[in-house]
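In: Predicted model, plus sequence, below.
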Amino acid sequence: MVDTVSYRPKAGEIPTQPGVYRFRDANSRVLYVGKAKNLRARLSNYFAPLASLHERTRRMVLSASSVEWTVVGTEFEALQLEFTWIKEFDPPFNVQFRDDKSYPYLAITLGETVPRVLVTRNRTLKGARYFGPYTKVWAIRETVDLMLKAFPMRSCSDSTYKRAEQTGRPCLLGDIGKCAAPCVGRVTKEEHKSIALDFASFMAGNDSKYIGDVARKMKTAAVEQDYESAARYRDQLAALETALSKSTIVLGDDVDADVFGIAHDELAAAVQQFRVRGGRIRGVRSWVVDKELDLELAELVETVVHNAYEDEAAPPRLVVVPELPEDAPELELWLGTLRSDRGSAGKVVLRVAQRGDLAALAQTVSTNAKNALVLYKTRRSGDFVARSQALADIQQALGMSEAPL
């Protein structure tokens, strides 16, 4: 085996500034995109003697026929450009995500004149606020049913709403108090939108504020002997407390955080993300990462965090990870910019949990990731056995001396 590849650039040709590099094959397809604080130092690792390289790194280097780089001004610019190019070129040797579940979310269509609450897997509804993801559809439907007792907003389809407008008769939810019935003018559209905004605020973690407000209104109504209103507030309070009892309290009620757990081997990594809002677990997401190159945990963290916020969700102020990447300050800046662009104020802090309730939660998330990796490896092993048997059957049927690759 030759010591290195023919396209290796001379060391003096590679700049020492921050930048982003791309390996291409003979057809100019981008195979791998990476970034570096010092391009010369990073790229020299790929052109070490081939026998010393990790198997997957060696395969990438041998598959490529050229390498090119772009110098940038700062490490933050390198991070941004790397993310952009990975999304644009989808290089086969970069981390590949397998999120094989389409998770259900609770959505409130605040962009509509008469907002609607619904359970959906569609993350592209214009002007909608999303909460979750949830692992079970029945759990989110149960939550919506409880919440409508406290925040009676529209949950019907467009056709049902239009029919109620035309006939002047509300649907069953309007009759049983689970909708304020803006369709027939029981409340104005502005009043209904205010109810929807309160629903969204409660789901975003401002639950203690609403429980306190409703409790005070109930007591005031009782003192004033307005027993009908007091009973209504009592029912709202019971609904809110029941809804909260179904989400686990893990941190202080002023804490919003995303907690990541990662378990990995040489082939794959399992990721768990717990979304904590107002101190309670509001959503759980899991996915698997296929690793083509040998990556350390810190490098995986950076890639996982980037993938987690590719959708329209704004990162919370606290992101907890199992290990800080080398360019943690640049990643924090990127997350803060993303948060600002998506309408939320405040910078984002990236940290490793060291002690207390946060560390206990991080350990729970990590345990879930380890269990998910074991399950994935078990299924992967089963797939390998099935493929091997199929190839052996083909070999026997065609009289081949060896099984086809």
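Out: Alright, I've got the coordinates.
In: wait, isn't Ala372 in contact with Ser286?
Out: Yes. Contact status for Ala372 versus Ser286: in contact at 5.6 Å, counting by Cβ atoms under 8 Å. To be clear about C-beta, it is placed using only N, CA and C from the backbone, and glycine gets the same treatment.
In: okay, and the common contacts of the two?
Out: With contacts defined as Cβ atoms under 8 Å, 6 or more residues apart in numbering, the residues adjacent to both Ala372 and Ser286 are 270, 272.
In: higher neighbour count, the two?
Out: Neighbours per residue (other Cβ atoms under 10 Å) separate Ala372 from Ser286, with Ser286 holding more: 22 against 19.
In: Relative to Lys178, how far out is that one?
Out: Ser286 sits at a distance of 32 Å from Lys178 (criterion: Cβ to Cβ, to the nearest Å).
In: Next: Ala397.
Out: If you measure Ala397 against Lys178 using Cβ to Cβ, the figure is 62 Å.
In: Excluding chain neighbours, give the residue nearest to Tyr210 in space.
Out: In space, Tyr210 comes closest to Phe202 once its chain neighbours are excluded; the distance is 5.2 Å by Cβ to Cβ, 6 or more residues apart in numbering.
In: quick one: contacts for that neighbour?
Out: 147, 150-151, 210, 240 are the contacts of Phe202 under Cβ under 8 Å, 6+ apart.
In: Out of those residues, which comes closest to Gln17?
Out: Distance to Gln17 across those (Cβ to Cβ) is lowest for Tyr210, with 52.5 Å.
In: of all the contacts of Phe202, which two lie farthest apart?
Out: Comparing every pair within the contacts of Phe202 by Cβ to Cβ identifies Met147 and Tyr210 as the most remote, at 10.7 Å.
In: More neighbours: which of those two?
Out: Set Met147 next to Tyr210 and count neighbours by other Cβ under 10 Å: Met147 wins out with 22 against 18.
In: what about the strands in the stretch 251-400 of the chain?
Out: 257-264, 268-277, 280-290, 318-320, 349-351 (DSSP state E, counting those that start in this stretch).
In: Only alpha carbons, please: show the longest one as PDB.
Out: Yep, that's strand 280-290 we're talking about. Listed in PDB are the C-alpha atoms of strand 280-290, where the atom choice follows Å, rounded to 0.1, in the frame of the first residue of the first chain:
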ATOM      1  CA  ARG A 280     -41.300  20.200  32.600                       C
ATOM      2  CA  ILE A 281     -40.600  17.700  29.900                       C
ATOM      3  CA  ARG A 282     -42.700  19.000  27.000                       C
ATOM      4  CA  GLY A 283     -41.300  16.800  24.200                       C
ATOM      5  CA  VAL A 284     -39.000  13.900  23.400                       C
ATOM      6  CA  ARG A 285     -37.200  13.200  20.100                       C
ATOM      7  CA  SER A 286     -34.900  10.400  19.200                       C
ATOM      8  CA  TRP A 287     -32.900   9.600  16.000                       C
ATOM      9  CA  VAL A 288     -30.000   7.600  14.800                       C
ATOM     10  CA  VAL A 289     -26.800   8.900  13.100                       C
ATOM     11  CA  ASP A 290     -24.800   6.800  10.700                       C
END
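In: who does it touch, helix- and strand-wise?
Out: strand 96-98, strand 268-277, helix 297-308, helix 356-398 (3 or more Cβ pairs under 8 Å, 6 or more residues apart in numbering; DSSP states H and E).
In: can you rerun that using 7 Å?
Out: Under the contact definition 3 or more Cβ pairs under 7 Å, 6 or more residues apart in numbering; DSSP states H and E, strand 280-290 sits against strand 96-98, strand 268-277.
In: What of the second one?
Out: Helices and strands touching strand 268-277, by 3+ Cβ pairs under 7 Å, 6+ apart, are strand 257-264, strand 280-290, helix 297-308, helix 356-398.
In: and the angle for that strand with strand 280-290?
Out: Going by axes from the mean of the first three to the mean of the last three Cα atoms, to 10 degrees, strand 268-277 is angled at 160 degrees with respect to strand 280-290.
In: Would you list the strands that strand 268-277 pairs with, along with their directions?
Out: In its sheet, strand 268-277 lies beside strand 257-264 (antiparallel), strand 280-290 (antiparallel), with partners assigned from DSSP bridges.
In: averaged over its residues, what pLDDT does the last one have?
Out: Mean per-residue pLDDT for strand 280-290: 81.
In: can you check the shortest one too?
Out: Averaged across strand 257-264, pLDDT comes to 93.
In: low pLDDT regions in the stretch 301-405 of the chain?
Out: With pLDDT under 70 as the threshold, the stretch 301-405 of the chain has low-confidence stretches at 312, 379-391, 393, 403-405.
In: ok, back up a step: okay, the residue nearest to Tyr210 and Val144: tell me how far apart.
Out: Counting by Cβ to Cβ, the gap from Phe202 to Val144 is 12 Å.
In: secondary structure element for Ala107?
Out: Element membership of Ala107, judged by DSSP states H and E, is strand 105-108.
In: So what touches that strand?
Out: 115, 117-120, 123, 125, 128-133, 140, 143-144, 196, 199-200, 203 (Cβ atoms under 7 Å, 6 or more residues apart in numbering).
In: Mind giving me the PyMOL select for the residues you listed, buried ones only?
Out: Selecting only the buried entries of the contacts of strand 105-108 in PyMOL, with 16 or more other Cβ atoms under 10 Å as the criterion:
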select buried, resi 115+117+118+119+120+125+128+129+130+131+132+133+140+143+144+196+199+200+203
